[in-house]
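Asks: sequence-free structure coming up:
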Ligand SMILES: Nc1ncnc2c1ncn2[C@@H]1O[C@H](COP(=O)(O)OP(=O)(O)OP(=O)(O)O)[C@@H](O)[C@H]1O
Ligand SMILES: [Mg+2]
């Protein structure tokens, strides 16, 4: 379990990341890197700062110090314009889906398309929306409002919206939490399918060990604001460290 | 103790809202403009408030006339009823009542809408989708309230005057033509223009307070509920303060 050094192959490199709210330190010298076409799962207890971590990566939160290099550029130093361009290449699945509840499913999916991709024609937009919905098996919900969908369907629509721009990197915040095991496994499969189809790299945040087992190329444990350990799923499964072992109980 | 705490919270709020309004002028109204969303909001905020403003305006004009009549009769100047009612409506009651009703309907809905968008991370989702949520949500709504309230006030005044005409006609018969001649002859530009201009500020206050309260809403249904509630309370208070300032100002400028 050695820490990764930055290479040409890394799409995300995080170094010495620190973030605190008031006198509550959330991240302290956190380091992690993600290679091309790699799925890295970040494990951590509730409240350990996992969501804060990926919000720093996408620039929604500003870290106190440290570097977050995405595609070789440091996120905290980016201007608004550059940040927008980088965000168009990153998909972000929110923990609570964050679907716009005043818009239909179609409008929800069109929103990032129209915003990032001003030139797309109406036909192109329509085709991309339908492709994204077919990927998650929900083409029939296109004209429904989010309030008419079940929890698992909402998650899948959110997933469709996340991948509609065919991002090179996807950040998943708890993609399977709150779903029944069957739907959760469907989401796992979807994540793998999307990765296979579009060659994405991803950071997956979860404490669902089945999801880890199914999707992870590498696992990192976030503890006390640091990257406590890294390894494969099997490394973690056989670990005797109580901090790691507790996730398997 | 609670009282001083309230005052402190009110002053804190006022300072923060001033900062928020500053952000509106520094970033909110720079290109690129969200024209489609602005038109959409004008429709929602303006057009959909019209029935309520019309109804309350009508009742206000009618009731005001019926209440004023006995006093005027006592002084033997019943014939001045249209003039009295007209001035009262156009100069003060029309703009202020319309603004208060507008605040009740719009500030609360903006506060609740943006509040729930905030706590469900929809605002973050917009930002990630290459949209400046301040421009898309706050600027459009604030511009819409600023433009729509004056329009609603003019319409509301007109409907209130019509209500007053009905009120006059309950006891005595006046022709529609005579009533309006009487009203308009008594009104000068000094009555109409300041009253009209201040409604832009009322509209701006409703928009910016509603957006501020929603945008800074705390988590949970209680947070959203209380941001909707305090948006109405605070914008109503601000409307009265602006009214107070406006009347001093027109007095100083000798427009009265
Ligand atoms: N905007 C904020 N202001 C203040 N504190 C915050 C803010 N966002 C997060 N925190 C704090 O940071 C800590 C980490 O929060 P975070 O949402 O990252 O947890 P998490 O690991 O994602 O947990 P969960 O698995 O429950 O989603 C928490 O203690 C939380 O209280
Ligand atoms: Mg979280």
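Replies: Done, it's in. Predicted model, so just to flag it, every value in this text is computed and none were measured. Ligands and ions are numbered 1, 2, ... in the order given.

Asks: find the nearest non-adjacent residue to residue A:166, please.
Replies: Spatial nearest neighbour of residue A:166, excluding adjacent residues (C-beta to C-beta, 6 or more residues apart in numbering or on different chains): residue A:198 at 5.3 Å. C-beta coordinates here come from the backbone N, C-alpha and C atoms, glycine included.

Asks: mind listing what the one you found touches?
Replies: A:163, A:166, A:167 (C-beta atoms under 8 Å, 6 or more residues apart in numbering or on different chains).

Asks: I'd like to know how far it sits from chain B.
Replies: Distance, residue A:198 to chain B, by C-beta to the nearest C-beta, to the nearest Å: 18 Å.

Asks: return the member of the contacts of residue A:198 nearest to residue B:78.
Replies: Nearest to residue B:78 among the contacts of residue A:198: residue A:163, at 74.7 Å, using C-beta to C-beta.

Asks: which residues in the chain form strands?
Replies: No chain was given, so I picked chain A. With DSSP state E as the criterion, chain A has strands at A:10-21, A:24-35, A:39-43, A:65-70, A:73-74, A:90-93, A:169-173, A:201-206, A:218-223, A:226-231.

Asks: can you redo those as TSV with mean pLDDT, mean neighbour count and distance to chain B?
Replies: TSV is the format used below for the strands of chain A (pLDDT from 0 to 100; neighbours: other C-beta atoms under 10 Å in any protein chain shown; distance: least, C-beta to the nearest C-beta, whole Å):
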stretch	mean pLDDT	mean neighbour count	distance to chain B
strand A:10-21	92	19	14
strand A:24-35	92	20	16
strand A:39-43	92	25	19
strand A:65-70	92	18	13
strand A:73-74	91	13	17
strand A:90-93	93	26	5
strand A:169-173	94	24	10
strand A:201-206	93	24	14
strand A:218-223	92	23	20
strand A:226-231	90	18	24
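
Asks: closest one to ligand 1 among those strands?
Replies: strand A:10-21 (3.5 Å; C-beta to the nearest ligand atom).

Asks: quick check: longest helix of chain A.
Replies: Determined from DSSP state H, the single longest helix within chain A is helix A:181-198.

Asks: what residues of that helix count as buried?
Replies: For helix A:181-198, burial by neighbour count (16 or more other C-beta atoms under 10 Å in any protein chain shown) applies to A:183, A:184, A:186, A:187, A:188, A:190, A:191, A:194, A:195.

Asks: contacting residues around the second one?
Replies: With contact set as C-beta under 8 Å, 6+ apart, residue A:184 has these partners: A:176, A:208, A:210, A:211.

Asks: name the residue closest to the centre of chain A, please.
Replies: Nearest residue to the geometric centre of chain A (C-alpha atoms, centre = their mean): residue A:171, 1.5 Å.

Asks: does it have beta-bridge partners, and which?
Replies: Residue A:171 has the following beta-bridge partners by DSSP bridges: residue A:92, residue A:203.

Asks: thinking again about what came up before, pick the one among the contacts of residue A:198 closest to chain B.
Replies: Nearest to chain B out of those is residue A:167 (C-beta to the nearest C-beta; 10.7 Å).

Asks: the closest one and residue A:202 touch, don't they?
Replies: No: using C-beta atoms under 8 Å as the test, residue A:167 is too far from residue A:202 to be in contact (9.3 Å).

Asks: dump the residue contacts of residue 213.
Replies: Defaulting to chain A. residue A:233.

Asks: ah, no, chain B please
Replies: By C-beta under 8 Å, 6+ apart, the contact list for residue B:213 reads B:107, B:111, B:114, B:115, B:227, B:228, B:230, B:231, B:234.

Asks: give me every residue that touches residue 186.
Replies: The chain I'm using is chain A. Taking C-beta under 8 Å, 6+ apart as the contact definition, residue A:186 lies against A:152, A:156.

Asks: chain B is the one I meant
Replies: Going by C-beta under 8 Å, 6+ apart, residue B:186 touches B:82, B:83, B:86, B:87.

Asks: next one: residue B:74
Replies: Counting by C-beta under 8 Å, 6+ apart, residue B:74 has no contacts.

Asks: dump the strands of chain A to JSON lines, plus distance to residue B:127.
Replies: Converted to JSON lines, the strands of chain A look like this (distance: least, C-beta to C-beta, whole Å):
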{"stretch": "strand A:10-21", "distance to residue B:127": "18"}
{"stretch": "strand A:24-35", "distance to residue B:127": "20"}
{"stretch": "strand A:39-43", "distance to residue B:127": "22"}
{"stretch": "strand A:65-70", "distance to residue B:127": "16"}
{"stretch": "strand A:73-74", "distance to residue B:127": "18"}
{"stretch": "strand A:90-93", "distance to residue B:127": "10"}
{"stretch": "strand A:169-173", "distance to residue B:127": "14"}
{"stretch": "strand A:201-206", "distance to residue B:127": "19"}
{"stretch": "strand A:218-223", "distance to residue B:127": "24"}
{"stretch": "strand A:226-231", "distance to residue B:127": "27"}
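
Asks: which one of those strands lies nearest to residue B:138?
Replies: Checking those against residue B:138 by C-beta to C-beta gives strand A:90-93 as the closest, at 22.0 Å.

Asks: quick one: list the elements packing against the closest one.
Replies: helix A:151-163, strand A:169-173, helix B:122-128 (3 or more C-beta pairs under 8 Å, 6 or more residues apart in numbering or on different chains; DSSP states H and E).

Asks: just tell me which of those ends up closest to ligand 1.
Replies: When the helices and strands packed on strand A:90-93 are compared by C-beta to the nearest ligand atom, strand A:169-173 sits nearest ligand 1, at 7.0 Å.

Asks: can you list the residues of chain A near ligand 1?
Replies: By C-beta under 6 Å from any ligand atom, the part of chain A that sits against ligand 1 consists of A:21, A:26, A:44, A:46, A:47, A:48, A:49, A:50, A:51, A:52, A:95.

Asks: and the helices in chain B, which stretches?
Replies: Counting by DSSP H, the helices of chain B are B:2-23, B:35-45, B:50-74, B:81-87, B:94-102, B:108-119, B:122-128, B:133, B:140-171, B:176-186, B:189-215, B:220-252.

Asks: dump these to JSON lines, plus mean pLDDT.
Replies: Converted to JSON lines, the helices of chain B look like this (pLDDT from 0 to 100):
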{"stretch": "helix B:2-23", "mean pLDDT": "88"}
{"stretch": "helix B:35-45", "mean pLDDT": "94"}
{"stretch": "helix B:50-74", "mean pLDDT": "95"}
{"stretch": "helix B:81-87", "mean pLDDT": "93"}
{"stretch": "helix B:94-102", "mean pLDDT": "96"}
{"stretch": "helix B:108-119", "mean pLDDT": "94"}
{"stretch": "helix B:122-128", "mean pLDDT": "94"}
{"stretch": "helix B:133", "mean pLDDT": "93"}
{"stretch": "helix B:140-171", "mean pLDDT": "95"}
{"stretch": "helix B:176-186", "mean pLDDT": "91"}
{"stretch": "helix B:189-215", "mean pLDDT": "94"}
{"stretch": "helix B:220-252", "mean pLDDT": "91"}
